[in-house]
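Undergrad: following is a predicted model, sequence given first.
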Amino acid sequence: MSKEKGQDLKPMERPQLGEIDGILLAKSTCDEWSRIQNFQAKPDDLLICTYPKAGIDQAEAMPSPRILKTHLPVQLLPRSFWEQNCKFLYVARNAKDCMVSYFHFQRMSKLVPDPGTWDEYFEAFMAGKVGWGPWYDHVKGWWKAKDTHRVLFLFYENIKKDPKREIQKVMQFVGKQLNEATLDKIVHHTSFEVMKDNPMANRAGVPITVMDQSISPFMRKGTVGDWKNHFTVAQNERFNEDYKKKMADTTLTFSMEL
């Protein structure tokens, strides 16, 4: 009997997480830690920060001004970014939708640990036992950083509601002026629907052994409020109570639905 196509493709072994200063990070990130901490930022670097998923690679070779990406919490960021007074663009998404999105990403990506069942992942996320550390500390840390550093703090929910206004904020922040037609073009090409069909954005070329998009697409829904399709009533009550405690020491507020 002939082998069916793809049968001989061995599934990748899921990596384990390592730990730096109490924050769970990919083992590969931990192994490179001294190199990451010694990274030399340039004054005109723009660092895009989100919770979570990616790293700072090939940055050294990029021409200035460089656009870099990180998922590191503020306390783990290489010091040179603060010393060089770089600009930071932070995009924050509400915790409930973030949890759901992260759960589905971990289900399909073999580059991260298996998330287990939804119930198990719900507990792990609330306890901050996920890659890049607790969501709560991450958003609060960057929210606080905006008081002393050049941080533009954006909300995913506002981008969904009024993308044009939010893109204008970014352009103003980086000191670029755009005419109306160019702005409209950017709004169109950065919409979730268009990006979902763009192979550069939807990871269509990534092998199934690395990302199995039959389990969940890399770009899944991009909506606000999808958490309602996952949280049970009891989970929602527990989450809200816990959330209230963890977010009591910040002025930061999120929209859980539009």
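TA: Nice, I can see it. A quick note: this is a predicted structure, and the numbers were derived from the prediction, not measured. Numbers count the residues shown, from 1 in each chain.

Undergrad: Leu68 in helix, strand or coil?
TA: strand (DSSP: H, G, I helix; E, B strand; the rest coil).

Undergrad: wait, it touches Leu46, no?
TA: Yes - counting by CB atoms under 8 Å, Leu68 does reach Leu46; the two are 7.1 Å apart. All C-beta atoms are positioned from the backbone trio N, CA, C, and that covers glycine.

Undergrad: so for the two, which residue has more residues nearby?
TA: Neighbour totals were compared for Leu68 and Leu46, and Leu68 leads with 23 against 18 (other CB atoms under 10 Å).

Undergrad: okay, and the beta partners of that one?
TA: In this structure, Leu68 bridges to Leu47 when assessed by DSSP bridges.

Undergrad: please report how far it lies from Phe88.
TA: Applying CB to CB, to the nearest Å, the value for Leu68 to Phe88 is 10 Å.

Undergrad: flag every buried residue along stretch 139-156.
TA: Under the neighbour-count criterion of 16 or more other CB atoms under 10 Å, stretch 139-156 has 139-145, 151-156 buried.

Undergrad: check the separation of the first and last residues in that stretch.
TA: 12 Å (CA to CA, to the nearest Å).

Undergrad: strands along this structure, start to end?
TA: According to DSSP state E, the chain carries its strands in the segments 17-20, 23-26, 46-50, 67-70, 87-92, 150-155.

Undergrad: reformat those as TSV; add mean pLDDT and distance to Leu258.
TA: Output for the strands of the chain, formatted as TSV (pLDDT from 0 to 100; distance: least, CB to CB, whole Å):
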stretch	mean pLDDT	distance to Leu258
strand 17-20	96	33
strand 23-26	94	31
strand 46-50	93	19
strand 67-70	90	26
strand 87-92	94	15
strand 150-155	95	11
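
Undergrad: with distance to Gln40 added, can I get those in a markdown table?
TA: Listed next are those as a markdown table, based on distance: least, CB to CB, whole Å:
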| stretch | distance to Gln40 |
| --- | --- |
| strand 17-20 | 20 |
| strand 23-26 | 21 |
| strand 46-50 | 13 |
| strand 67-70 | 12 |
| strand 87-92 | 16 |
| strand 150-155 | 18 |
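
Undergrad: doesn't Phe254 make contact with Val224?
TA: No - look at Val224 against Phe254 with CB under 8 Å: they stay out of range, at 10.0 Å.
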